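Chemist: Build me a model from this:
(one chain, ligands or ions: 1)
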Amino acid sequence: MPQLARDILLSLSARKVHREKMQNRIVKLFLLISAWTVVLAILLIASHRFGHRAINSQQLLRSFSELTPDMQNNRSSSSSSSNDRNIRKSVLGNVKNERKPRLPNCLIIGFSKCGTLALRGFLSLHPDIVSTLREIRYFTLFYKKGVEWYRNQMPPSKEGQVTIEKTPSYILDPEAIERIHEYNSSIKLIIIVRDPITRLQSIYSHTFSDDPKSLKNPTFKEWCDENLRRGQRVMHVANYAPHIEQVYKLFPKENVLVLSEEDLEENPMRVMREAEEFLGLKPSFSKDDFVYSKEKGFYCFNTSSPHYPEILESVVLNRKTGCLGSGKGREHPDIDEKFLKQLVEVIRPFNVRLFKLIGKKFSWENFKDSLR
Ligand SMILES: Nc1ncnc2c1ncn2[C@@H]1O[C@H](COP(=O)(O)OS(=O)(=O)O)[C@@H](OP(=O)(O)O)[C@H]1O
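Modeler: Purely as a prediction, here's the structure:
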């Protein structure tokens, strides 16, 4: 074979080998691309189905909120996929429903020994109300700790729920009232009052509760006389109006609800309705939430109510009976008739001033003859 023909044959076989190699490479590349396409397709389907559940809602919301409003609009209008909108809705919904401590938008500011605990507890039965277990006393004692500290004392709540804090001493401190106004001038305030003479008896019983039968204790009359002499207790305790006037100076009357302990004691359901309406909440209380305890002489939580287990997080009570603890409903001291008359005379003008101020009257047992 001439040299030229051999060279041509050799070059042809080399090209054949090269072509085969190329073909092999192309097939491998094709297979690789197909495999990746399948993997990507699986990932896409999976993310479509489960993605929004797996992604942390906060992250997703952040990524949404990082878009400019225009981009957000474009995104939702141009995107043919309604899924995007659904994801966004569900994420925003989740964040709105996220339970976290929120600052109170309603305060029970007074008066002590007027049923503030029963009031807060009963209100907590409402599905749109959460409340603090204890008195926080932020606006009186712990104001320096700052509002973030205050927020962290609050129970977790969802957006739209009402958070209630009760500290009955706020109302006695004009500076606290000013601080509350600075904090939130449109906050809702609840005040509960009681027949001033019964309130005096309640404070007396509380003061000497450690050893109620001790002969060392002053009698109720001695205790009142001593306080009257010093211009203290009786004036302070029996005269609600000046404290409420301080509140009305700063807050619109429609944001202040004044209730009475006697109504709460007699008919908690009616008082709850009034509070519900004041707070702009849907009616949710039911008569079955409360049950009268003959033994205690008060309405207690109905332990068979479906709401009962939840309430245990908000109120310290006797789990078996559903009644507030032994600190409530103490025996009150007797008052002799002559002294009662004297007290009524001293206190009656205070009540007149109160009823004129708040625009309603309470039928208080000790004053029923003198108020007609
Ligand atoms: N349903 C129910 N259960 C228990 N107690 C009730 C209830 N309704 C009203 N009250 C009256 O609440 C009085 C105590 O008032 P406070 O809770 O405001 O007291 S405190 O200031 O928080 O110590 C307490 O006063 P005392 O009877 O003098 O103990 C009760 O009379």
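Chemist: for the ligand, what are the nearby residues on the stretch 201-350 of the chain?
Modeler: The stretch 201-350 of the chain has residues 202, 205, 261, 264, 265, 298, 299, 324, 328, 329, 330 near the ligand, with proximity defined as Cβ under 6 Å from any ligand atom. Yep, even glycine has a C-beta here, placed from its N, CA and C like the rest.
Chemist: Among those residues, name the ones in helices.
Modeler: When these are checked against helices (DSSP state H), the matches are 202, 205, 261, 264, 265.
Chemist: Report the separation between the closest residue in space to the second one that isn't next to it in sequence and residue 119.
Modeler: Pointing back at residue 205 there. Spatial nearest neighbour of residue 205, chain neighbours left out: residue 330 (4.2 Å); criterion: Cβ to Cβ, 6 or more residues apart in numbering. Going from residue 330 to residue 119 by Cβ to Cβ, to the nearest Å gives 18 Å.
Chemist: got it, and residue 226?
Modeler: Using Cβ to Cβ, we find residue 226 at a distance of 31 Å from residue 119.
Chemist: Residue 330 and residue 119: who's more crowded?
Modeler: residue 119 (23 against 15; other Cβ atoms under 10 Å).
Chemist: sec struct for the more buried one, please.
Modeler: helix (DSSP: H, G, I helix; E, B strand; the rest coil).
Chemist: so where's this structure shaky on pLDDT?
Modeler: Within the chain, the segments meeting pLDDT under 70 span 1-18, 39-96, 230-234, 370-372.
Chemist: Make sure residue 191 is actually in contact with residue 245.
Modeler: No - using Cβ atoms under 8 Å, residue 191 makes no contact with residue 245, being 11.7 Å away.
Chemist: List the residues that are in contact with both of the two.
Modeler: Shared contacts of residue 191 and residue 245 (Cβ atoms under 8 Å, 6 or more residues apart in numbering): none.
Chemist: More neighbours: the two, which one.
Modeler: Neighbours were counted for residue 191 and for residue 245 using other Cβ under 10 Å; residue 191 has more, 23 against 12.
Chemist: Show the contacting residues for that one.
Modeler: Taking Cβ under 8 Å, 6+ apart, we find residue 191 in contact with 108, 109, 110, 111, 171, 244, 247, 256, 257, 258, 259.
Chemist: How about residue 153: what's its closest non-neighbour residue?
Modeler: Distance criterion Cβ to Cβ, 6+ apart; nearest residue to residue 153, sequence neighbours excluded, is residue 136 at 5.0 Å.
Chemist: ugh, wrong one, residue 138
Modeler: Once flanking residues are discounted, residue 138 sits nearest to residue 150: 4.6 Å by Cβ to Cβ, 6+ apart.
Chemist: element containing the one you found, please.
Modeler: Here residue 150 is covered by helix 147-152, with elements defined by DSSP states H and E.
Chemist: can you check residue 19 too?
Modeler: Residue 19 belongs to helix 3-54 when assigned by DSSP H and E.
Chemist: Report the buried residues of the helix or strand hosting residue 181.
Modeler: Residue 181 belongs to helix 174-183 when assigned by DSSP H and E. The neighbour-count check on helix 174-183 (16 or more other Cβ atoms under 10 Å) flags 176, 177, 180, 181, 183 as buried.
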